[in-house]
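K.L.:
Sequence unavailable; structure follows:
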């Protein structure tokens with residue numbers, strides 16, 4: 001019977017591990033626990049980046065005298081806010097509804113808009129191109145919007 005393997009396992013026979021149902025259940029539970037812990041950790045990291053991003057854009061909007069800076073907390077409205085701050089109409093946000101082509105067009109509009117916003121804050125507009133860089137671009141972008149949000153410049157770095 002399979003419970004005899006458990007007795008042998010507890011007696012010190014490591015080869016009986018595969019036959020013991022308790023050991024298999026424990027290993028499955030431990031693996032599921034590690035997966036759940038990983039999912040929770042990744043979720044917390046994503047939440048932290050989201051909060052940082054929203055606070056930074058809300059600060060930028062306030063410094064540019066945008067009336068509804070709280071839009072930075074709602075993804076669809078944050079896109080509309082960034083487009084308006086960059087001089088575009090908010091309705092361009094509906095490009096999200098057009099798969100692939102609309103997404104690419106909106107991404108390009110967002111980069112142009114971010115370029116204009118950075119220029120208004122007296123930072124080089126080309127910093128907005130950090131969004132295009134694979135892998136490190138996302139982290140670089142978060143660092144840059146932190147500077148744009150909380151560091152006031154007296155003159156432009158480069159023209």
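P.N.:
Done, it's in. What you are looking at is a predicted structure, and each value in this text was computed from that prediction instead of being measured.
K.L.:
can you tell me the helix or strand for residue 46?
P.N.:
helix 21-63 (DSSP states H and E).
K.L.:
How far off centre is the following helix or strand past that helix?
P.N.:
As assigned by DSSP H and E, the chain's next helix or strand after helix 21-63 is helix 75-85. Here the centre of helix 75-85 is set off from its chain's centre by 16 Å, with CA atoms, centre = their mean, to the nearest Å.
K.L.:
orientation of the helix holding residue 46 relative to helix 75-85 in degrees?
P.N.:
30 degrees (axes from the mean of the first three to the mean of the last three CA atoms, to 10 degrees).
K.L.:
Now find how far off-centre helix 21-63 is within its chain.
P.N.:
The answer for helix 21-63 is 12 Å, by CA atoms, centre = their mean.
K.L.:
Which secondary structure elements does that helix sit against?
P.N.:
helix 2-10, helix 75-85, helix 136-150 (3 or more CB pairs under 8 Å, 6 or more residues apart in numbering; DSSP states H and E). Placement of C-beta: from N, CA and C, glycine included.
K.L.:
Just put the ones you listed in CSV and tack on mean neighbour count.
P.N.:
Output for the helices and strands packed on helix 21-63, formatted as CSV (neighbours: other CB atoms under 10 Å):
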stretch, mean neighbour count
helix 2-10, 14
helix 75-85, 19
helix 136-150, 16
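K.L.:
Which of those has the lowest mean pLDDT?
P.N.:
Lowest mean pLDDT of the helices and strands packed on helix 21-63: helix 2-10, a mean of 57.
K.L.:
Next, the angle helix 136-150 makes with the helix holding residue 46.
P.N.:
40 degrees.
K.L.:
pLDDT averaged over helix 21-63 - what is it?
P.N.:
On average, helix 21-63 scores 88.
K.L.:
go on, stretch 88-103?
P.N.:
Rounded mean pLDDT across stretch 88-103 is 95.
K.L.:
next one: that stretch to chain centre, how far?
P.N.:
20 Å.
K.L.:
That stretch: end-to-end distance?
P.N.:
16 Å (CA to CA, to the nearest Å).
K.L.:
Thanks again, I'm all set now.
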